[in-house]
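Participant: no sequence on this one, just coordinates:
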C-alpha cells in the first residue's frame, strides 16, 4: 500500500501489486521478459521460464486491471461436459536463490492497459525489495541467418553495465514501436535503478519458437548471476530446429541463396543499422497482425 496525497478522499491508495512475503535478499537482480513484439521466437519468455525453475512467488500483480480478456481470453478446461478450471493471464514476481546473489523474475503476457502506472508501481516494488540491478531480456526479428551464432544487442542506462562483450547499439537514432518493457526500463533508470537489457536477434523467417535465441539470452543472464544454468534440453531443441531449417533451405535454390547472403552479412560482424532493424520490425508486426486476423 502507498500513502495517498492529502487531497485524496481516501486515506490509502491501492497498488497494483502486493507482496506475498519479503525474504532476505542478497544483491538482488530483477530479470523481466514480456511476450510483446520484443519476444520474437518466444526466446525471452522461454529464457526466463528456464531461469525460474525451482523459484517461488513473492509478489502478485493485479491482472484484472491490466488485461483485456477479449484479446487474451482465459483458457477454460472442460472435462466430460463439466467446467473444471480457468487459466488466467497473470504476472507475478518469482524468487530464486543462487549461490552468489538472489534473482527475482517477472514474466508473462504484456499488459494491455496502464503501462505508465505499472512502471511506477514496479519502481516502488524494486525499491521495496532493494533491487540492485534491473535486467530486461528480449528478442527481435532481424535479417540474420539461422546458420550463425545468435547475436545480441544491448541497451544500458549507463556505461559498464553490459557484460560478455555485448555492446550497446545499434549506433544512431531510430524510432520504433514501444513495448511495455521499455517503458519500465526508462522508469527504473529515472529512479536511479541501474537498468540494462539483452535482445537476441531472431531470423525473421522463423515461425514459432526459436530455442537457440533463448539459450543465448540465458548465457547473457549467467554473466550477471555468476552461475551456470543447465540448458541441455533447449540446446537439443535448437540443434533439431537448425537441421530442419537446413533441409528446408537446401530444397529451394532461391531460399538457399538468400540464406547465403545473410551469412555474408553476418560474417562481416557488423551491427544492423537503425533502418534495417526498423524494416524487419515493421514486417514482423505486419505479418503477426495478418496472422491474428
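Facilitator: It's in. Predicted model only: the values in this text are computed from it and were never measured. Residues are numbered from 1 along each chain as shown.
Participant: what pairs with the most centrally placed residue in the chain across the strands?
Facilitator: In the chain, the centroid-proximal residue (CA atoms, centre = their mean) is residue 33; its distance is 2.6 Å. Taking DSSP bridges as the rule, residue 33 bridges to residue 107.
Participant: list the contacts for it?
Facilitator: The contact partners of residue 33, taken as CB atoms under 8 Å, 6 or more residues apart in numbering, are 39, 44, 45, 47, 48, 106, 107, 136, 137, 138, 181. Every residue, glycine included, has its C-beta placed from N, CA and C.
Participant: Now the buried members of the residues you listed.
Facilitator: 39, 44, 45, 47, 48, 106, 107, 136, 137, 138, 181 (16 or more other CB atoms under 10 Å).
Participant: can you redo these as TSV with secondary structure and pLDDT?
Facilitator: TSV is the format used below for these (DSSP: H, G, I helix; E, B strand; the rest coil; pLDDT from 0 to 100):
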residue	secondary structure	pLDDT
39	strand	96
44	helix	97
45	helix	97
47	helix	98
48	helix	97
106	strand	96
107	strand	94
136	strand	98
137	strand	98
138	strand	97
181	helix	96
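Participant: And those residues, which is closest to residue 88?
Facilitator: Nearest to residue 88 among the buried ones among the contacts of residue 33: residue 107, at 15.2 Å, using CB to CB.
Participant: just to revisit the earlier point, turn the contacts of residue 33 into a markdown table, columns for distance to residue 87.
Facilitator: As requested, these are exported to a markdown table (distance: CB to CB, whole Å):
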| residue | distance to residue 87 |
| --- | --- |
| 39 | 19 |
| 44 | 21 |
| 45 | 16 |
| 47 | 22 |
| 48 | 18 |
| 106 | 19 |
| 107 | 15 |
| 136 | 25 |
| 137 | 23 |
| 138 | 25 |
| 181 | 23 |
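Participant: now, which of these sits nearest residue 219?
Facilitator: residue 47 (9.2 Å).
Participant: Does the closest residue to the closest one other than its chain neighbours belong to a helix, a strand or coil?
Facilitator: Distance criterion CB to CB, 6 or more residues apart in numbering; nearest residue to residue 47, sequence neighbours excluded, is residue 217 at 3.9 Å. At residue 217, secondary structure determined by DSSP: H, G, I helix; E, B strand; the rest coil is helix.
Participant: Whichever strand or helix holds residue 263: which residues count as buried?
Facilitator: Assigned by DSSP states H and E, residue 263 belongs to helix 253-267. By 16+ other CB under 10 Å, the buried positions in helix 253-267 come out as 259, 262, 265, 266.
Participant: The last one reaches residue 144, doesn't it?
Facilitator: Yes - using CB atoms under 8 Å, residue 266 and residue 144 qualify as a contacting pair, with a distance of 5.9 Å.
Participant: quick one: residue 27 and residue 98 touch, right?
Facilitator: No - Residue 27 is beyond contact range of residue 98, at 10.0 Å (criterion: CB under 8 Å).
Participant: okay, now residue 231: neighbour count?
Facilitator: A count of nearby residues for residue 231, using other CB atoms under 10 Å, gives 19.
Participant: out of everything not next to it in sequence, what's closest to it?
Facilitator: residue 215 (5.0 Å).
Participant: all strands of the stretch 101-250 of the chain, in order?
Facilitator: Here the stretch 101-250 of the chain has its strands, by DSSP state E, counting those that start in this stretch, at 102-108, 133-142, 152-156, 195-203.
Participant: and the second one, what other elements does it pack with?
Facilitator: Helices and strands in packing contact with strand 133-142 are listed as strand 29-34, helix 43-51, helix 180-190, strand 195-203, helix 211-225, helix 274-292; criterion 3 or more CB pairs under 8 Å, 6 or more residues apart in numbering; DSSP states H and E.
Participant: Repeat that for the shortest one.
Facilitator: Counting contacts by 3+ CB pairs under 8 Å, 6+ apart, strand 152-156 packs against strand 195-203, helix 211-225.
Participant: So residue 37 versus residue 149, what's the distance?
Facilitator: Distance, residue 37 to residue 149, using CB to CB, to the nearest Å: 23 Å.
Participant: Look at the two and report which has more neighbours.
Facilitator: More crowded of residue 37 and residue 149, by other CB under 10 Å: residue 37, with 18 against 9.
Participant: That one reaches residue 181, doesn't it?
Facilitator: No - assessed by CB under 8 Å, residue 37 is found out of contact with residue 181, at 10.4 Å.
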